[in-house]
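Engineer: Following is a predicted model, sequence given first.
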Amino acid sequence: MTFLYRLIMSLIILWVASTPIAFAEEEAAEGEPIAAIYIPIKPSFVVNYGGPGKLRYIKADISVRVKDSATANQVRHHLPYLRNNIVLLLSKQTNDAVDTQAGKELLRQAALEEVHAVLEEQEGSSGVVDLYFDNFIVQR
């Protein structure tokens, strides 16, 4: 009886242990992402903006969310090109653009469009889902 009891318990444990794996495989098969992948773009961006006159600075920490690890590798590979375009975008800003929440949101969307444009130009498609400002400091 002890052997039969152990066999039944072993089968139950195997069944319970395999159930979450089956659900994870079903989610992956449906195309839903299992977990988000965030790529921080380091080091921080520190640029002067606003044209001639008094020097003004923006310091921004940026992360991008990607749909899969292949896109994460593409972002890492093209990081110098991405950083260049984001620096140029940040340096074109005016006081009006960085003063309001709406202006910062437009800047975030413009930076996301720059990232999409670079990846589509270089890779043919962009798997970047979104772009976030982790930190955004303006000094006038």
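Structural biologist: Nice, thanks for sending it over.
Engineer: Now do the helices in this structure.
Structural biologist: Ranges of helices in the chain, per DSSP state H, are 2-29, 69-77, 79-91, 95-99, 101-123.
Engineer: Compare those helices and say which comes out lowest on pLDDT.
Structural biologist: Of all the helices of the chain, the segment with the smallest mean pLDDT is helix 2-29, scoring a mean of 51.
Engineer: Any chance of the backbone angles for residue 51?
Structural biologist: Here is the backbone geometry of residue 51 (degrees, to the nearest 10): phi 80, psi -160.
Engineer: ok, and the closest non-adjacent residue to it?
Structural biologist: Spatially, and ignoring its direct neighbours in sequence, residue 51 is nearest to residue 94 (7.9 Å; CB to CB, 6 or more residues apart in numbering). For the C-beta atoms, the positions are set from N, CA and C on the backbone; glycine is no exception.
Engineer: Please report phi then psi for the one you found.
Structural biologist: phi -110, psi 170.
Engineer: Quick check: pLDDT value at it.
Structural biologist: pLDDT, residue 94: 92.
Engineer: quick one: it and residue 53 touch, right?
Structural biologist: No. Counting by CB atoms under 8 Å, residue 94 does not reach residue 53; the two are 11.6 Å apart.
Engineer: Between those two, tell me which one has more neighbours.
Structural biologist: Counted by other CB atoms under 10 Å, residue 94 and residue 53 do not tie: residue 94 has more neighbours, with 12 against 6.
Engineer: What residues does the nearest residue to residue 122 once chain neighbours are set aside make contact with?
Structural biologist: Once flanking residues are discounted, residue 122 sits nearest to residue 78: 5.5 Å by CB to CB, 6+ apart. For residue 78, the contacting residues are 118-119, 122-123, by CB atoms under 8 Å, 6 or more residues apart in numbering.
Engineer: domain parsing for this protein?
Structural biologist: The chain breaks down by automatic domain parsing into domains covering 1-34, 37-139.
Engineer: Check the ones you listed for me and report the most buried one.
Structural biologist: Stretch with highest mean neighbour count among those: domain 37-139 (a mean of 15; mean count of other CB atoms under 10 Å).
Engineer: quick one, what contacts the residue lying closest to residue 60 once chain neighbours are set aside?
Structural biologist: Nearest residue to residue 60, sequence neighbours excluded (CB to CB, 6+ apart): residue 45, at 4.6 Å. The contact partners of residue 45, by CB under 8 Å, 6+ apart, come to 58-62, 83, 86-87, 90.
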